[in-house]
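In: output the structure for:
(2 chains)
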Amino acid sequence: GAGVSQSPSNKVTEKGKDVELRCDPISGHTALYWYRQSLGQGLEFLIYFQGNSAPDKSGLPSDRFSAERTGGSVSTLTIQRTQQEDSAVYLCASRVTSGGTGELFFGEGSRLTVL
Amino acid sequence: AQRVTQPEKLLSVFKGAPVELKCNYSYSGSPELFWYVQYSRQRLQLLLRHISRESIKGFTADLNKGETSFHLKKPFAQEEDSAMYYCALSDRSARQLTFGSGTQLTVLP
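Out: Numbering: from 1, shown residues only, chains lettered A, B, ... in the order given. Modelled structure (predicted):
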């Protein structure tokens, strides 16, 4: 596709349920990022993938959060036993390589609402 | 640790007035600074980066290492500039891009 694609665009779930959010980066982009966008909190870094290297998970807020990237392309962010404070927009972004001045290209985000 | 501070959550100016969105950073090395913008119902996108020393849509930003600032400026604001603006920082080898909390700019007619 022409840009970063995320699905679902909206997800409403009940507290305690698990959710999976998907990101399809721009073809050829080796770096992939997940951010969480909350009102008044800005963009919170969650996790970063670069090629076949071990991911940088330093931003994951708890062990309920995990992510994987299969085949160096599509990534899935999983939130287990969701809590109301997990409600936010989850943004995925990709860029050609890690570091430096490469522009990040963002998806439209997945809006998660936990009831 | 690197940190980006945007002290203003909301900023309103009238059309034609100058606008300055403040950004301060904390980083011990040589940072690279960016401004990203999110217009209503659109994706977050890059506005400008300091190494390019460019002016995009009339906006400029100068890196001031002494004051550790990277304020975004435009001499004459337009209504279409209304958006959420995020300042971001990366070092040359870092894998993270650290964002500030954002400033919602509203340009009034």
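In: tell me the SS of residue 85?
Out: I went with chain A, as the question did not name one. Taking DSSP: H, G, I helix; E, B strand; the rest coil as the rule, one finds A:E85 in the helix state.
In: other chain: chain B
Out: Classified using three-state DSSP, B:Y85 is strand.
In: now do the same end-to-end measure for stretch A:4-14.
Out: 27 Å (Cα to Cα, to the nearest Å).
In: for chain A, which residue gets nearest to chain B?
Out: Using Cβ to the nearest Cβ, the closest approach of chain A to chain B is made by A:G42 at 3.4 Å. For glycine as for every other residue, the C-beta is placed from the backbone atoms N, C-alpha and C.
In: and the nearest residue in space to that residue that is not next to it in sequence, helix, strand or coil?
Out: Nearest non-adjacent residue to A:G42, counting by Cβ to Cβ, 6 or more residues apart in numbering or on different chains: B:S101, 3.4 Å away. The assignment at B:S101 comes out as coil when based on three-state DSSP.
In: show me the shaky parts of chain A.
Out: Residue ranges of chain A with pLDDT under 70: A:1, A:40, A:98-101.
In: from the centroid of it, which residue is nearest?
Out: By Cα atoms, centre = their mean, chain A has its centre lying nearest to A:W34, at 3.1 Å.
In: circling back to that earlier point, how many other residues sit next to the residue of chain A closest to chain B?
Out: Number of residues near A:G42 (other Cβ atoms under 10 Å in any protein chain shown) recorded here: 22.
In: ok, it touching B:F99?
Out: Yes: A contact is recorded between A:G42 and B:F99 when judged using Cβ atoms under 8 Å, the distance being 5.5 Å.
In: tell me, what's touching those two both at once?
Out: With contacts defined as Cβ atoms under 8 Å, 6 or more residues apart in numbering or on different chains, the residues shared by A:G42 and B:F99 are B:Y86.
In: OK, contacts around the closest residue to chain A within chain B?
Out: Chain A sits closest to B:S101 of chain B, with a gap of 3.4 Å, by Cβ to the nearest Cβ. Taking Cβ under 8 Å, 6+ apart as the definition of contact, the neighbours of B:S101 are A:G40, A:Q41, A:G42, B:T5, B:Q6, B:K9.
In: run the last query once more with 10 Å
Out: Remark: with contacts taken as Cβ atoms under 10 Å, 6 or more residues apart in numbering or on different chains, B:S101 is in contact with A:38, A:40-44, B:4-9, B:86-87.
In: all strands in chain B, in order from the N-terminus.
Out: B:3-5, B:10-14, B:19-21, B:24-26, B:31-38, B:45-49, B:60-61, B:72-74, B:83-91, B:98-99, B:103-108 (DSSP state E).
In: pull up the pairing partners for the longest one, direction included.
Out: Meaning strand B:83-91. Strand pairing for strand B:83-91, using DSSP bridges, gives strand B:31-38 (antiparallel), strand B:98-99 (antiparallel), strand B:103-108 (antiparallel).
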